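> sequence? don't have it. structure:
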């Protein structure tokens with residue numbers, strides 16, 4: 001299933017395909033380590049080289065995430081981040097950047113309690129382009145996926161090394177925007193995949209869909225990003241960025257003068273690697 005209307009995500013991948021390079025998809029958690037610093041990071045990501053931004057919706061039990069992203073979510077919640085703050089971040093971002101796609105990523109519970117229909121309406125109004133909700137399976141598409149697509153949002157699914165051809169067909173049924181290939185089994189930030197294995201899996205997925213395929217999990221360095229870009233349409237980097245935030249903080253978890261710069265510097269290096277691959 002595809003959206004009737006072309007989205008920012010569609011346009012961005014088409015433009016990058018014309019350039020002959022993979023997208024750099026960056027993940028940061030909204031409100032980490034605090035709202036002001038998080039807004040500054042978000043605002044700086046496109047200029048640093050982010051082609052698509054995944055903005056994490058903080059949740060107290062991020063079960064698919066490794067220690068780095070779990071800690072970022074808890075820092076954001078401790079600083080008082082609410083879903084309305086996350087949506088307001090996107091709204092403010094759109095005042096100066098009408099083109100860079102933003103995908104909200106996270107878990108269904110914060111959406112359900114918003115509640116879901118009101119969340120979808122607010123997300124569209126704020127300028128969100130897509131959703132990745134990792135704990136809503138395709139069997140429950142009526143719950144969130146189809147209402148999101150009906151509002152013009154891309155609903156992005158994940159495939160893993162254990163997703164066989166039969167399951168892949170189910171995963172792809174209502175997916176739009178791109179498919180996120182999780183290159184390793186397990187939680188985020190846990191090790192790195194073999195690029196040769198990833199290329200084989202991405203090629204298999206591409207035989208089943210015309211959607212762009214972005215590869216994530218375990219990508220930490222420009223060299224790894226360049227390797228994962230071979231044969232894929234995008235590379236997702238998350239844990240390395242939130243770890244850069246964590247390492248820049250004071251002992252009591254407060255932002256320093258290096259926090260924003262450390263993240264954007266890493267993004268610039270990753271972007272440069274993809275542009276020269």
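Thanks, I have the structure now. Bear in mind the structure is a predicted one, so any value in this text is a computation, not a measurement. Residues are numbered from 1 along each chain as shown.
> for the protein, which segments are assigned as strands?
Secondary structure of the chain by DSSP state E: the strands cover 23-29, 52-56, 102-106, 130-133, 154-155, 158-159, 179-182, 213-216, 234-237.
> any chance of the ones you listed in TSV, plus mean pLDDT, distance to residue 121 and mean neighbour count?
From N, CA and C alone the C-beta is placed, and that goes for glycine too. Shown next, in TSV, are the strands of the chain (pLDDT from 0 to 100; distance: least, C-beta to C-beta, whole Å; neighbours: other C-beta atoms under 10 Å):
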stretch	mean pLDDT	distance to residue 121	mean neighbour count
strand 23-29	98	23	28
strand 52-56	98	18	25
strand 102-106	97	14	25
strand 130-133	98	13	24
strand 154-155	98	15	24
strand 158-159	96	25	20
strand 179-182	96	24	25
strand 213-216	96	27	26
strand 234-237	97	27	27
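> save the ones you listed as CSV, and put in distance to residue 253 too.
Below are these laid out as CSV (distance: least, C-beta to C-beta, whole Å):
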stretch, distance to residue 253
strand 23-29, 13
strand 52-56, 17
strand 102-106, 21
strand 130-133, 26
strand 154-155, 34
strand 158-159, 30
strand 179-182, 29
strand 213-216, 26
strand 234-237, 22
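> and of these, who's closest to residue 173?
strand 154-155 (10.5 Å; C-beta to C-beta).
> list the contacts of that closest one.
3, 7, 9-10, 103, 129-131, 144-145, 148-149, 174-178 (C-beta atoms under 8 Å, 6 or more residues apart in numbering).
> direction included, what does it pair against?
Paired neighbours of strand 154-155 in the sheet (DSSP bridges): strand 130-133 (parallel).
> what's the offset of the partner strand from the middle of its chain?
When C-alpha coordinates are averaged (C-alpha atoms, centre = their mean, to the nearest Å), strand 130-133 and its chain have centres 8 Å apart.
> next: stretch 270-277.
On C-alpha atoms, centre = their mean, the centre of stretch 270-277 falls 18 Å from that of its chain.
> list the buried ones in it?
By neighbour count on 16 or more other C-beta atoms under 10 Å, the buried set for stretch 270-277 is 270-271, 273-274, 277.
> cool, and stretch 252-272?
Neighbour-count burial for stretch 252-272 [16+ other C-beta under 10 Å]: 255, 259-264, 266-268, 270-271.
> next step: those residues restricted to helices.
259-264, 266-268, 270-271 (DSSP state H).
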